[in-house]
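[1] Fold the following, please.
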Amino acid sequence: MARQKPEDTPQDARAKSKDEFESLDRDFGVKAEVEGLDDDPILPHRKRMLFLACACILGNELCERLAYYGLQTNMGLYLKKVIGYPADQASQLLQVWKATVYLTPLIGAYLADAVMGRFWVILVFSIIYFFGMLGITLVNVIPAIKPIKGGPEPPAGIGATKGVFWAFMYLTALGSGGIKPCVSSFGGDQFKESSARERKWRSSFFNWFYFVINIGSLVASTVVVGVQENKGYGIGFGIPTIFFAVAIVAFIIGALFKLYTCLPAEGSPFTRIWRVLKGAFANRKQALPQPNELYEPPAGSLAFEMAHTNRMRALDKAAIKSDAEKPVSRTEVEETKAFLGIMPLFLCICIYQMAYDPIFTLLPYPGDVMDRRMGNSQIPASSISFANTFGVLFTVVFYDLVVVPLTNKIGRPISMTFRIGLGFFVLILALISAALIEMSRYKLVRQIGLVDTFLAAGPDADPLDPKFTQPMSIWVQFVPYFLVGVSEVFTNIGTMELFYTQVSEGMRSLGTSFYLLTVAVGTYLASALNIIVASASPVDLWVADNPLFGHYDWYFWLNAGILAVGLGIYILVARTYTEKPVINVDKDPFNRETKVHSELANVSRVWPSINSSSRMSELRQRSKASMISSRGSAMSGAPGHLHGSDAKHGGMPVTGAGQFSRDVRDLDQV
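    Predicted coordinates:
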C-alpha cells in the first residue's frame, strides 16, 4: 500500500484498506484478513453471511437434537412398558445405546479431519441418521412387527421386533457419530481466528449452540413425549423424523448459497500424534533441544503454526532437525502436546458424565407412580425433564448476557476450567436433591401403608394401577432436573469450548469427539456401576422394577459421593493446566498481534482465571510497544510481514492510523 498522505481523511484510508484487502485476495489468492478490519462497518456483508451460516448450522442441530431426545427421553419407559424389558435391563440397554451414540463420534471425527472435511461428513451421516429414524418409526407402524402396549405379541414375534428395532437404533447411533463431533466444530470454523470480535462471537456461539440443543430437548420432552403417550409411538417417532428431514434440506440450502466456510481435511491427526510419539522415542537418548534446533517447514507451507511451549519437553526430541525424508515439525509436536494436555481433564469429566446419567435414566421410574396430575390431565413421567431444559435455557441467557459482560467489565473473567468445576458442584447438589426426594417418597409410602396394600393385592397387582399412585407430586422432581440443566451450562459447554479451542485447527473435530467421548465413557461407567450394584444386592435391588421397593435414594447418594471425589481430583488437575498458544497462518497472513495473543496465552493459568494484574499490564505495554514499532515502520513505507510468496509480489500490509488505534484499543481488552 502506498504511504498514506497527510491530507487523507479517515474515510479515504478505510476505503484504501478495503480496496487493497480485496486486491490481495483477488491477485494472490490470499484471504488477507486483518485484525479489526472484518469488524469494520464497511463490511456488513460479512456479518450477514455469518448470521445466515450460523442459522443453518444451528437449525440442523436443533432438529437433530429434537430427533435424538424424541428417542431418548421416553425410551426407558418405552422399553419397559411397550417392549416388555424389566426396569434394570431396560436401564442397562438404554445406557449402552447412549454410550454408543457418544462413542461413534470418533469415526466421524477421523473422517472429518483426515478424509472428507466437516461439511461432507455432516451431510452424509445426517442421511444415515434419517434412515435410522425412519426405520424406528416404521417398526411402530407396520402391523407385522409393531409392539403393542400390554397386548399380544406382534405376528412376526417379539424377537423379530426387538431385532429390527435395535438395528435401526444403532443405525441412528452411527449417524449421530458423524454429526456430533462436526456440527459445533463446523460452526466454530465460520469465525475468524484473527478477529478479536469474532473470537468473542465464537464463544457466544457455543453458548447458543447449547441453547438450541435444549430447545430441541424441550420440544421433545413436552410435545413429542405427550404425542407418544397419547397418540402412539408411530406418530411420536414420526414427528422428529420429519423435522430431521427438514434440517437436512436447510443444511443443503445453506451450501447452495455458499454460506459456509469449509476447511479442507488436514490429514489424520492420529498419524501425526503417532509420528511424534515414535520420533520422541527414537531420539530418547539425545539431549533436550533448544527451540531454535527444532525443525519447522518454510513459512507459508503449513495451514497453521503453533508456538513452542516448555511443557512435555521430552516430545521436543521428535522434532530435532535431521535428514529424514518427512521430518516431524515443531507444530506437530506442539499440537500433540496440546492434545495430550487435555487428557487428564478428559478423565475427570468422564466422572461427571457417569454421575449425570442416573438423573435421566432412573428418575422417570418413580415418577411414573407419583401423582402426575396437572389440572385435569396426567403428564407423562418423562415430561418433567423439561425442567432440565428450562434450567439450561435460563442459565445460558443469564450467563451470556449478564455474568460474562459483568466479569469482563471488572477484569475477572471466568475461565473454562473454573466453569467446568462449577458444573461438578451443581450436579452434586442435583444428586443430593434427588436422593432427598426419594428418601421422602419411601418414608411417605411406608407411613400410609401403601406397600402393605400392594402386597395384599396379590402377585398380579400392577404398580401402575391408579389405586397405588403415591401421594407425592411429580413436580418435586423439577428441582434435580433444573439443577442438572444449570450444571450442564457450566460443564458441558465449558468442555465443548475447551476441547475445541485447546487443540490445533487440524484436530478440532477430534477434540470435539473427545468431548462426546466423555459422555460415552461416563455412560459405560454408569452402566457398569448399575450392574455392580445389582449384582451386589440381588435380593434387595436398589433399582427395583417396582418403585415401591428398592433403594433409589441410596443409588443417588452413591453417585453424589463418587462425584465429590471426582471434583477434588479435577481441582488438582485443573490448577496445573495452562492454555496453549496457536498461530493460524492461513487465517492471519499478516501475523498481526499473533505474538501478543500467544504470549498472553502462554503465561495464562486457566485455574484460577485471574492472573497477576501487574504481569498482564506488563504484557500489554510490551505488546503495544512492539505494535507501535512495527506500525511505525509500516507507516513510513517499510515492508510489512507477509507470509509465503506475498512479499515477492510487492505486497504491503493494510494499515492506517485509524486501524492502528483500533488495534491498540482492542489490545487493552485482551
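[2] Relative to residue 254, how far out is residue 451?
    According to C-beta to C-beta, to the nearest Å, residue 451 and residue 254 sit 57 Å apart. Where you see a C-beta, it was placed from the backbone N, CA and C, and this is true even at glycine.
[3] How is the protein divided into domains?
    12-35+588-667, 48-263+343-501+503-564, 270-337 (automatic domain parsing).
[4] Pick the most buried one from the ones you listed.
    domain 48-263+343-501+503-564 (a mean of 20; mean count of other C-beta atoms under 10 Å).
[5] Output the domains of the chain in a markdown table; the columns should cover mean pLDDT and distance to residue 572.
    Conversion of the domains of the chain to a markdown table gives the following (pLDDT from 0 to 100; distance: least, C-beta to C-beta, whole Å):
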| stretch | mean pLDDT | distance to residue 572 |
| --- | --- | --- |
| domain 12-35+588-667 | 38 | 10 |
| domain 48-263+343-501+503-564 | 85 | 9 |
| domain 270-337 | 81 | 17 |
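[6] need the contact list for the closest residue to residue 322 other than its chain neighbours.
    Counting by C-beta to C-beta, 6 or more residues apart in numbering, the nearest residue to residue 322 once its immediate chain neighbours are dropped is residue 295, at 7.3 Å. With contact set as C-beta atoms under 8 Å, 6 or more residues apart in numbering, residue 295 has these partners: 319-322, 327-330.
[7] Now residue 294. Its backbone dihedrals?
    Main-chain dihedrals, residue 294, degrees, to the nearest 10: phi -90, psi 140.
[8] typo on my end, it should be residue 472
    Torsion angles, degrees, to the nearest 10, at residue 472: phi -130, psi 130.
[9] Is it possible to get TSV of the domains of the chain that adds distance to residue 578?
    Shown next, in TSV, are these (distance: least, C-beta to C-beta, whole Å):
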stretch	distance to residue 578
domain 12-35+588-667	6
domain 48-263+343-501+503-564	10
domain 270-337	7
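[10] what's the closest of the ones you listed to residue 575?
    Of all these, domain 12-35+588-667 sits nearest to residue 575, with 4.8 Å by C-beta to C-beta.
[11] which SSE is residue 518 in?
    Under the criterion of DSSP states H and E, residue 518 resides in helix 508-536.
[12] Surely residue 328 forms part of a strand?
    No - per DSSP: H, G, I helix; E, B strand; the rest coil, residue 328 lies outside any strand segment and is coil.
[13] For it, give its distance to residue 310.
    Note on residue 328: its distance to residue 310, by C-beta to C-beta, is 18 Å.
[14] which residue sits closest to residue 273, ignoring its sequence neighbours?
    Ranked by C-beta to C-beta, 6+ apart and with sequence neighbours excluded, the top spatial neighbour of residue 273 is residue 336, at 5.1 Å.
[15] Pretty sure that neighbour sits against residue 270.
    No - here residue 336 lies out of contact with residue 270, judged by C-beta atoms under 8 Å, at a distance of 10.6 Å.
[16] ok, back up a step: backbone dihedrals for the residue nearest to residue 322, please?
    According to degrees, to the nearest 10, residue 295 has phi -80, psi 140.
[17] do you know how far it is from residue 269?
    Residue 295 sits at a distance of 19 Å from residue 269 (criterion: C-beta to C-beta).
[18] Now do the strands in the stretch 351-500 of the chain.
    Remark: strands assigned in the stretch 351-500 of the chain by DSSP state E, counting those that start in this stretch are 370-371, 373-374, 377-378, 470-473.
[19] CSV for the ones you listed, including distance to residue 490?
    Formatted as CSV, the strands of the stretch 351-500 of the chain follow (distance: least, C-beta to C-beta, whole Å):
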stretch, distance to residue 490
strand 370-371, 29
strand 373-374, 30
strand 377-378, 34
strand 470-473, 28
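[20] Quick one, which of the ones you listed gets closest to residue 188.
    Residue 188 lies closest to strand 373-374 among the strands of the stretch 351-500 of the chain, at 40.1 Å (C-beta to C-beta).
[21] give me every residue that touches residue 317.
    Contact analysis of residue 317 by C-beta under 8 Å, 6+ apart lists 279-280, 283-284, 286, 288-289.
[22] Thought residue 503 was touching residue 345, still the case?
    No - counting by C-beta under 8 Å, residue 345 does not reach residue 503; the two are 11.9 Å apart.
[23] who touches the closest residue to residue 477 other than its chain neighbours in this structure?
    Nearest residue to residue 477, sequence neighbours excluded (C-beta to C-beta, 6+ apart): residue 384, at 5.1 Å. Neighbouring residues of residue 384 by C-beta under 8 Å, 6+ apart: 363, 367, 474-475, 477-478, 481.
[24] one more time with 10 Å, if that's ok
    Residues near residue 384 by C-beta atoms under 10 Å, 6 or more residues apart in numbering: 221-222, 225, 363-364, 367, 370, 372, 374, 473-478, 480-481.
[25] And residue 214, by the same measure?
    Residue 214 is in contact with 62, 65, 69, 220-221, 386, 388-393, 395-396, 485, 488-489, counting by C-beta under 10 Å, 6+ apart.
[26] Look up which helix or strand residue 208 falls in, please.
    For residue 208, the element it lies in under DSSP H and E is helix 196-219.
[27] right, and the helix or strand after that helix?
    As assigned by DSSP H and E, the chain's next helix or strand after helix 196-219 is helix 225-231.
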